[in-house]
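Student: sequence first, then the predicted structure:
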Amino acid sequence: MPKVITILDEKLKVTVCGLYTFGKPVPGHVSFRVCRKFEYPATACYGEEAKAVCDEFSGQTDNHGCISKLVKTKLFQLKRTGYENKLHVDARIEEEETGIVLTGTSFSEITTTISKITFENSDSYYKPGIPFFGQVKLVDGSGAPIANETVRISLQGGQEMNYTTNEEGRALFALNTSMLYFDSVGIRATHKTHSYCFDHSWVNPNYEDGYLHLKRFYSPSKSFLKIEPTSETLSCGSSAEVRVHYILTPEAVGEKKKIMFYYLVIAKGIIKQAGTSTLDLDKESVNGVFILHLPVEADFAPVAQMLVYTVTPSREVIADSTKFNIEKCFNNKVGLSFSPSEGLPSSDTHLLFRASPKSLCAVRAVDKSVLLMKPEADLSSSSVYSLLPVKELHDYRHGTDMLLEEPLEDCVPLKKIILNGITYSPVVEINEDDTYSILKQMGLKVFTNSKVKKPWYCSTESYTPAESRITASGGLAVAPMYALRTNGKGTRPCCLLFYELRSCLCFVVNT
C-alpha cells in the first residue's frame with residue numbers, strides 16, 4: 001500500500017504477500033482488515049466499533065504468494081475530522097499445508113496536501129533587462145512528480161505565464177525583467193486554486209504554492225551577463241551550446257568596438273578548461289545573445305561549474321556562472337560480456353573483455369543474490385563518483401574553521417541632504433548580490449584592481465576607517481596571499497584562484 005494517500009483518493013490498492021526467507025511464495029489463505037482509528041476512542045464498553053472504522057477482506061494467494069484488493073475509501077471519511085490521519089492494515093496468512101500463521105502490519109498516512117510546487121535551481125537575484133530563468137517542480141502529497149500539468153508563474157507587477165510539467169514534474173520558465181527596477185521582487189508558482197470553506201468537522205484539500213524572493217543584482221553601469229541554464233545532463237564527448245545573454249551599456253563599453261569575454265570551466269575543484277570569445281560591437285547591438293561551444297569531457301563529471309566574465313574600460317567586472325550536470329563517464333572505456341549470455345550448470349562460457357589502452361583493470365565475479373541482498377555493494381559509475389572528496393566548490397571556507405574572506409575596504413560616506421529646510425537621508429539597498437558573490441559561490445579568488453564588489457556605505461551619522469574596525473574587533477586572521485603587480489600602464493592582470501591554491505588562471509586585460 002502507498003505510504004501516503006490524499007483526502008481526494010477514492011480507492012486504495014492493498015497488497016498482502018507471503019514469502020519464505022529464500023524468496024519463494026507462500027501458498028495459503030489471507031485475511032486482512034483496513035481501519036481508521038478515532039482520534040478520541042470511546043471506552044471499551046462500546047465495543048470494537050467505538051475504536052475505529054474498519055473494513056475486512058480475505059482470499060487465496062496467487063502464484064506469487066500475494067493477494068490484492070481495491071479498497072474504497074468512502075467508508076473511512078477521509079475529509080472528516082475526529083479520526084487519526086492514518087489507515088492501518090493488519091494482515092494474517094495461514095500456510096496451506098502446515099497451518100502456520102504469519103502476521104504483518106502496515107499503514108498509509110492521510111494528507112490534505114494534493115499538490116506542492118517548489119522552486120529549484122533558481123537564482124536569488126534578477127538582472128534588469130535580462131530574462132530570469134528558473135525551474136519549478138510539482139509533486140503530489142506523497143512527493144511523487146506530477147507530469148503534464150499546467151503551472152502558472154506570476155511575477156510581481158502583473159506578468160503571468162503558463163508552463164507544462166515534464167515527466168519529472170519539472171518546468172523551466174523564463175520571465176521578462178526589462179520593466180523591473182525594484183530593489184526586490186517576488187515570484188509565485190501556482191498549480192490550482194481552491195475555494196476554502198471552514199467547518200471544524202471537515203478538512204479542505206490544499207494546493208501549496210511556491211514563492212521565490214529576488215533581489216536586484218548590483219552593477220554600477222547596469223550591464224549584465226546571464227548564462228542560460230539547462231536541466232539536461234550533458235553527455236561525454238558531445239559539444240554543448242551555451243547561450244549567454246548580455247546587456248552592455250555605453251557607460252560600460254565607452255568607445256570600444258570590440259569586447260572580449262573570458263570563460264572557464266571548473267570540475268572536481270580544478271580549472272579544467274578556459275577560453276575567450278570576441279563580440280563585435282559594430283555589428284551587434286548592446287544587448288543580445290552570443291553562443292559558446294563547450295566540448296564536454298570525461299574530466300568534467302559529475303558536475304561542471306562555468307564562469308563567463310568580461311572587464312569593461314571602467315574597470316567593472318561583469319560576470320555570471322552556472323552549473324551543468326555531466327554524465328558519469330570515464331576517460332578509459334571498458335566493455336564486459338559473456339558468450340553465450342546464458343548457459344547450463346557446469347557448461348563452459350567465454351568472458352569477453354575490452355578496455356582502452358594502458359587501462360588498469362580488475363575483474364570481480366559474485367553471485368547475483370549478493371547484490372540483491374546488499375545492492376550498495378554493486379560497483380557502478382555512481383558508486384565510484386560518490387568517493388570523490390571534492391565534486392564542486394562553494395564559498396571561501398577551508399575546513400570547518402578557516403574562512404578565507406577578504407577584509408572590508410573603507411566604507412563610502414553617505415551625507416544627508418537638506419532642501420527647503422527638510423532633511424533627506426540616502427536610501428541604500430544593502431542586500432544586493434554582486435560579481436564578488438558569484439565568485440565566492442564558486443570558491444574562486446580574484447586578484448585584481450578591477451571592480452568586483454559593491455561599495456559598502458557608512459552610516460549617515462558616523463564614519464569609521466577600516467583600520468579602526470579591525471583593531472576594535474580584536475584583529476582579523478587572513479591566510480597569506482600574494483597579489484600580482486600591475487605595470488602602471490593601464491594593463492590589469494586578473495588571476496582567478498581556488499582557496500586551496502591548487503589552480504591558477506591569469507588573463508591580462510588591456511583597457
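Tutor: Sure thing, it's come through.

Student: next, count neighbours for G104.
Tutor: Using other Cβ atoms under 10 Å, G104 is surrounded by 13 other residues. Every residue, glycine included, has its C-beta placed from N, CA and C.

Student: mind checking the SS state of the closest residue to it other than its chain neighbours?
Tutor: Using Cβ to Cβ, 6 or more residues apart in numbering and skipping the chain neighbours, the partner closest in space to G104 is A91 (5.1 Å). Look at A91: counting by DSSP: H, G, I helix; E, B strand; the rest coil, its state is strand.

Student: P41 versus A91, what's the distance?
Tutor: 22 Å (Cβ to Cβ, to the nearest Å).

Student: of those two, which one has the most company?
Tutor: Counted by other Cβ under 10 Å, A91 and P41 do not tie: A91 has more neighbours, with 22 against 13.

Student: so who does the more buried one touch?
Tutor: Neighbouring residues of A91 by Cβ atoms under 8 Å, 6 or more residues apart in numbering: 16, 30-32, 103-106.

Student: could you measure from it over to M1?
Tutor: Plainly put, A91 is 10 Å away from M1 if you go by Cβ to Cβ.

Student: any common contacting residues for those two?
Tutor: Shared contacts of A91 and M1, counting by Cβ under 8 Å, 6+ apart, come down to S106.

Student: residues contacting the residue most central in space within the chain?
Tutor: Geometric centre of the chain, nearest residue: N121, 4.6 Å, by Cα atoms, centre = their mean. Neighbouring residues of N121 by Cβ under 8 Å, 6+ apart: 134-135, 229, 231, 323.

Student: with respect to T423, which of these is nearest?
Tutor: G134 (41.4 Å; Cβ to Cβ).

Student: contacts for the helix or strand hosting I67, please.
Tutor: For I67, the host element (DSSP states H and E) is strand 66-72. For strand 66-72, contacts defined as Cβ under 8 Å, 6+ apart pick out 10-18, 25, 30, 34, 55, 57, 59-61.

Student: show only the entries of these found in strands.
Tutor: 11-17, 30, 34, 55, 57, 59-60 (DSSP state E).

Student: got a winner among those for most neighbours?
Tutor: When neighbours are taken as other Cβ under 10 Å, the top entry among the ones in strands among the contacts of strand 66-72 is V34 (26 neighbours).

Student: show me the shaky parts of this structure.
Tutor: 42-47, 282-285, 368-377, 397-408, 459-511 (pLDDT under 70).

Student: tell me where it has helices.
Tutor: Assigned by DSSP state H, the chain shows helices spanning 250-253, 368-373, 381-385, 435-441, 466-472.

Student: neighbours of C197, just the number please.
Tutor: Neighbour tally, C197, other Cβ under 10 Å: 7.

Student: that one touches V203, doesn't it?
Tutor: No - C197 lies out of contact with V203 (Cβ atoms under 8 Å); the separation is 10.5 Å.

Student: now do the shared contacts for those two.
Tutor: What both C197 and V203 touch, as defined by Cβ under 8 Å, 6+ apart, is an empty set.

Student: hmm, who's touching stretch 308-320?
Tutor: So stretch 308-320 is in contact with 219-221, 223-227, 244, 248, 251-254, 256, 259-263, 292, 307, 321, 435, 438-439, 446, 448-452, 492, 494, 509, 511, going by Cβ under 8 Å, 6+ apart.

Student: mind running it again at 7 Å?
Tutor: Contact with stretch 308-320 is made by 219-221, 223-227, 244, 252-254, 256, 259-263, 307, 435, 438, 450-452, 494, 509, 511, as judged by Cβ atoms under 7 Å, 6 or more residues apart in numbering.

Student: tell me which residues in that stretch are buried?
Tutor: 308-313, 316-320 (16 or more other Cβ atoms under 10 Å).

Student: neighbour-wise, which one of the contacts of N121 leads?
Tutor: So for those (other Cβ under 10 Å), the most neighbours sit at G134, 22 neighbours.

Student: so how far is I187 from it?
Tutor: Relative to I187, G134 is positioned 7 Å away (Cβ to Cβ).

Student: likewise L352?
Tutor: L352 is 54 Å from I187, by Cβ to Cβ.

Student: now K258
Tutor: Counting by Cβ to Cβ, the gap from K258 to I187 is 36 Å.

Student: the two: who's more crowded?
Tutor: Shown here are K258 and I187; by other Cβ under 10 Å, I187 has more neighbours (22 against 12).

Student: show me what contacts that one?
Tutor: 153, 155, 212, 214.

Student: so which of these sit within strands?
Tutor: Reading strands off the contacts of I187 with DSSP E, I get 153, 155, 212, 214.

Student: quickly list what the second one is bridged to.
Tutor: Pointing back at L155 there. Q159, I187 (DSSP bridges).

Student: isn't it right next to L175, touching?
Tutor: Yes - under the criterion of Cβ atoms under 7 Å, L155 makes contact with L175 at 5.2 Å.

Student: looking at the two, which one has more neighbours?
Tutor: L155 (22 against 19).

Student: next, format the contacts of I187 as CSV and append distance to S235.
Tutor: Formatted as CSV, the contacts of I187 follow (distance: Cβ to Cβ, whole Å):
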residue, distance to S235
I153, 29
L155, 34
L212, 30
L214, 32
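
Student: and stretch 295-307, how far apart are its ends?
Tutor: 15 Å (Cα to Cα, to the nearest Å).

Student: what about S337, how many residues nearby?
Tutor: Neighbourhood size, S337 [other Cβ under 10 Å]: 10.

Student: run through the strands of the stretch 51-200 of the chain in chain order.
Tutor: 52-60, 66-72, 86-95, 101-111, 113-120, 125-126, 132-140, 150-155, 159-164, 170-175, 184-190 (DSSP state E, counting those that start in this stretch).
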